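Chemist: Please work out how this folds:
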Amino acid sequence: MKEPAQRTVFAGLDGCTDAELPAWYAEQKPVDEPASFAEAIRDLPRAVETRVAYQNPYVDEWIETDRFNAIVEPSRLRDQALVGEPDADPLFHVPSNSYTILNPVHVYEPLEEILREETLDGRPLGEVVFGEIRQYRSGGEVHMDVLFDGLEVTLPDRENEPITMGLTSGYDFFGGHAVYVEGFAQDTACKNSIRSLTDKEIAKHVGDVEDFGGWWESILAELELIADDLFGFIEDAQDITIDLTDVPFSVTEFYELLDFPSYLAERVAGDAEANAPDPFRIDMWTLHSGATYALTHFFKGKEGNSLDRYVRTANDVLFNPQGTVEKVEKGYEQVIGDAGEHEGLHNKDAVAQIESFDSDLQTKAQEFEDRKESLNIQLE
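Modeler: Numbering: from 1, shown residues only. A predicted model of the protein is given here:
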């Protein structure tokens with residue numbers, strides 16, 4: 001993933017909170033002293049509006065307009081004017097006058113209040129919160145992981161290496177990313193990020209400002225339900241195994257048929273085959289984990305839409321295995337169609353192998369659908 005301009009690791013809600021990073025996260029994100037969440041939020045660049053003008057070259061004059069306002073960083077305006085700092089570019093964006101600035105304190109201070117009041121297993125959430133904030137484009141674009149030590153999914157064979165639950169959130173001042181939040185988890189065994197565990201909630205930079213207090217309350221309530229149900233999805237996915245000796249593709253080709261670029265598909269295959277007890281028979285949870293490994297550690301793009309598309313595909317392997325196999329089948333049919341008819345018999349046999357595996361998924365597919373329907377009812 002594209003390296004951010006700045007990273008801030010945090011632990012605990014504020015300076016009065018007795019908190020520290022979990023050992024596995026401190027090993028992954030070594031820092032001398034983590035910031036608190038409240039401190040990290042207040043250190044983020046903020047935005048204000050200023051007037052703009054356009055130049056009329058015929059009279060060499062600048063004409064002010066009320067139709068647009070410049071979105072700028074105020075401390076950089078000061079540095080530019082008083083200090084003469086050449087690198088202090090204050091300009092983020094020049095949107096129309098319908099743009100509403102949503103600064104980090106306005107968005108995340110209501111979350112701080114909830115973390116101060118709510119508890120997890122008797123401990124205030126403010127004592128168990130930790131994570132990382134990443135800044136891009138001089139702080140005009142921000143993404144963060146907010147995790148909760150103890151809100152976790154523990155698999156039977158990995159009692160000391162749980163999956164820690166949380167959320168990921170972010171925004172930008174360039175008009176590209178509205179404020180967003182969605183469910184997130186970190187697999188402590190392999191440090192893989194499991195993204196988009198809930199539908200993405202969005203607050204656009206337009207019109208009335210969102211009531212973020214109620215927003216955060218509903219998201220955190222949803223997250224606890226997801227944690228309870230994620231265990232069931234993983235167990236079911238572990239029971240669905242692809243016998244690679246019976247299908248006409250390798251693990252690399254499986255993900256290439258799902259439109260992963262080859263460099264990522266190869267990383268998925270390397271991790272999945274290394275972690276599977278039998279590299280010729282790999283279950284859907286291991287295939288999903290291989291994908292999160294590739295996306296966490298080797299994705300060459302940036303956070304946002306370019307990453308989200310691959311995350312959705314990887315999550316379908318876990319949450320919608322039948323739909324995934326159907327997509328692979330269609331992709332394979334397209335490939336052999338492009339290859340011509342001279343391999344017709346082999347191609348028909350290969351498609352039949354995929355269809356046979358697809359039919360074996362029918363019973364499990366209904367279990368997945370029942371689980372998703374039950375979860376949706378709980379969330380409503």
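Chemist: before we move on, which element is the residue nearest to residue 257 when sequence neighbours are not counted in?
Modeler: Leaving aside its sequence neighbours, residue 257 sits nearest to residue 331 (C-beta to C-beta, 6 or more residues apart in numbering; 3.7 Å). C-beta here means a position set from N, CA and C on the backbone, and glycine is covered the same way. In the assignment (DSSP states H and E), residue 331 maps to helix 321-339.
Chemist: Check which helices and strands that helix sits against.
Modeler: Packing partners of helix 321-339 (3 or more C-beta pairs under 8 Å, 6 or more residues apart in numbering; DSSP states H and E): helix 251-257, helix 305-319, helix 344-360, helix 362-379.
Chemist: and that helix with helix 305-319, angle?
Modeler: Angle, helix 321-339 to helix 305-319, by axes from the mean of the first three to the mean of the last three C-alpha atoms, to 10 degrees: 120 degrees.
Chemist: Now find how far off-centre helix 321-339 is within its chain.
Modeler: Taking the mean of its C-alpha atoms, helix 321-339 sits 26 Å from the chain's own mean (C-alpha atoms, centre = their mean, to the nearest Å).
Chemist: Please work out the average pLDDT along it.
Modeler: Averaged across helix 321-339, pLDDT comes to 81.
Chemist: then that helix to PDB, C-alphas only?
Modeler: C-alpha atoms of helix 321-339 as PDB (Å, rounded to 0.1, in the frame of the first residue of the first chain):
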ATOM      1  CA  PRO A 321     -18.400 -18.500  -1.400                       C
ATOM      2  CA  GLN A 322     -21.100 -19.600  -3.900                       C
ATOM      3  CA  GLY A 323     -21.200 -16.200  -5.600                       C
ATOM      4  CA  THR A 324     -17.400 -16.300  -5.700                       C
ATOM      5  CA  VAL A 325     -17.300 -19.700  -7.400                       C
ATOM      6  CA  GLU A 326     -20.000 -18.600  -9.900                       C
ATOM      7  CA  LYS A 327     -17.800 -15.600 -10.700                       C
ATOM      8  CA  VAL A 328     -14.800 -17.800 -11.200                       C
ATOM      9  CA  GLU A 329     -16.800 -20.100 -13.500                       C
ATOM     10  CA  LYS A 330     -17.900 -17.200 -15.600                       C
ATOM     11  CA  GLY A 331     -14.400 -15.800 -15.700                       C
ATOM     12  CA  TYR A 332     -13.100 -19.200 -16.800                       C
ATOM     13  CA  GLU A 333     -15.700 -19.600 -19.500                       C
ATOM     14  CA  GLN A 334     -14.600 -16.200 -20.800                       C
ATOM     15  CA  VAL A 335     -11.000 -17.200 -20.900                       C
ATOM     16  CA  ILE A 336     -11.600 -20.400 -22.800                       C
ATOM     17  CA  GLY A 337     -14.000 -18.600 -25.100                       C
ATOM     18  CA  ASP A 338     -11.200 -16.200 -26.000                       C
ATOM     19  CA  ALA A 339      -8.800 -19.200 -26.400                       C
END
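Chemist: buried stuff in it?
Modeler: Within helix 321-339, the residues scored as buried using 16 or more other C-beta atoms under 10 Å are 321, 322, 324, 325, 326, 327, 328, 329, 331, 332, 335, 336.
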